[in-house]
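**Student:** I need the structure of the sequence given here:
(2 chains)
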Amino acid sequence: EDKVVQSPLSLVVHEGDTVTLNCSYEVTNFRSLLWYKQEKKAPTFLFMLTSSGIEKKSGRLSSILDKKELFSILNITATQTGDSAIYLCAVTRDDKIIFGKGTRLHILP
Amino acid sequence: NAGVTQTPKFRILKIGQSMTLQCAQDMNHNYMYWYRQDPGMGLKLIYYSVGAGITDKGEVPNGYNVSRSTTEDFPLRLELAAPSQTSVYFCASSYSILLAGWYPNNEQFFGPGTRLTVL
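**Tutor:** Predicted structure coming up:
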């Protein structure tokens, strides 16, 4: 059965800390891995990863995929209170998209 | 651009009632998706569409129907609502097919969600 597992489920850090969020997967016919940030309402897209070892970067956020070990990490450096959110990982195969349960990140001022 | 819009924002149904969740996008995207998100869970794909007149089942299609008569609109129909359908429903769209991952920077845009409670 296809699955996407995120860890930790929740995380509380202080502003300025660096955090690493994990996403592991077992999916047949893998196509891509996606990261989203979900605040109060709908998710917003962060990254799509399709190739191993190529880091994607956007400001203080970066992500990388390891297709051999079947996982991805999302790094956030110099965290700010506005980074508080649920971070969702999803994996697409040819006919569906499977989401993890998310990591709830809370940044303390 | 309004992006992806959904109506209503909230709805309470009785068991056995029917309703249609509306979704529209003004970005001329071919691909549209319906998800549900249960409390403490990730999103699950209900149905998706690759263009007007073409729809396909996702992971959890039972109890739902969709239609895509225009590029802009992708309504989700609930027939005979059940308590198990209590959830937050998100509509989304993308320029190209997200499922295939063919476009490295393909972005999926989400609507604000509809919170549905079935009592």
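**Student:** OK, contacts around the residue nearest the centre of chain B?
**Tutor:** Centroid-nearest residue in chain B: B:Trp34, 2.1 Å away (criterion: CA atoms, centre = their mean). With contact set as CB atoms under 8 Å, 6 or more residues apart in numbering or on different chains, B:Trp34 has these partners: B:21, B:23, B:45-48, B:58, B:64, B:66, B:74, B:76, B:89-92. Every C-beta, even on glycine, is put in place using the N, C-alpha and C of the backbone.
**Student:** one more: A:Ser24?
**Tutor:** Contacts of A:Ser24 by CB under 8 Å, 6+ apart are A:4-7, A:70-71.
**Student:** among those residues, who's most crowded?
**Tutor:** Highest neighbour count within the contacts of A:Ser24, by other CB atoms under 10 Å in any protein chain shown: A:Gln6, with 23 neighbours.
**Student:** the closest residue to A:Leu49 other than its chain neighbours bridge partners, please.
**Tutor:** Sequence neighbours aside, A:Leu65 is the residue nearest to A:Leu49 in space, at 3.9 Å (criterion: CB to CB, 6 or more residues apart in numbering or on different chains). Beta-bridge partners for A:Leu65, by DSSP bridges, are A:Ser72.
**Student:** low-scoring stretches of chain A, by residue?
**Tutor:** A:95 (pLDDT under 70).
**Student:** and the contacts of the host helix or strand of B:Arg77?
**Tutor:** Assigned by DSSP states H and E, B:Arg77 falls within strand B:76-78. The contact list for strand B:76-78, computed with CB under 8 Å, 6+ apart, reads B:13, B:18-21, B:23, B:34, B:46-47, B:63-67, B:85, B:89, B:91, B:116.
**Student:** other SSEs contacting the helix or strand of chain B with the lowest mean pLDDT?
**Tutor:** In chain B, the helix or strand scored least confidently by mean pLDDT, DSSP states H and E is strand B:108-110, which has a mean of 84. Helices and strands touching strand B:108-110, by 3 or more CB pairs under 8 Å, 6 or more residues apart in numbering or on different chains; DSSP states H and E, are strand A:43-49, strand B:87-94.
**Student:** check which element follows that strand along the chain.
**Tutor:** strand B:114-118.
**Student:** residues in contact with the spatially closest residue to A:Gly53 that is not a sequence neighbour?
**Tutor:** Nearest residue to A:Gly53 in three dimensions, chain neighbours excluded: A:Ile64, at 6.9 Å (CB to CB, 6+ apart). Residues near A:Ile64 by CB under 8 Å, 6+ apart: A:49, A:53-56, A:72-73.
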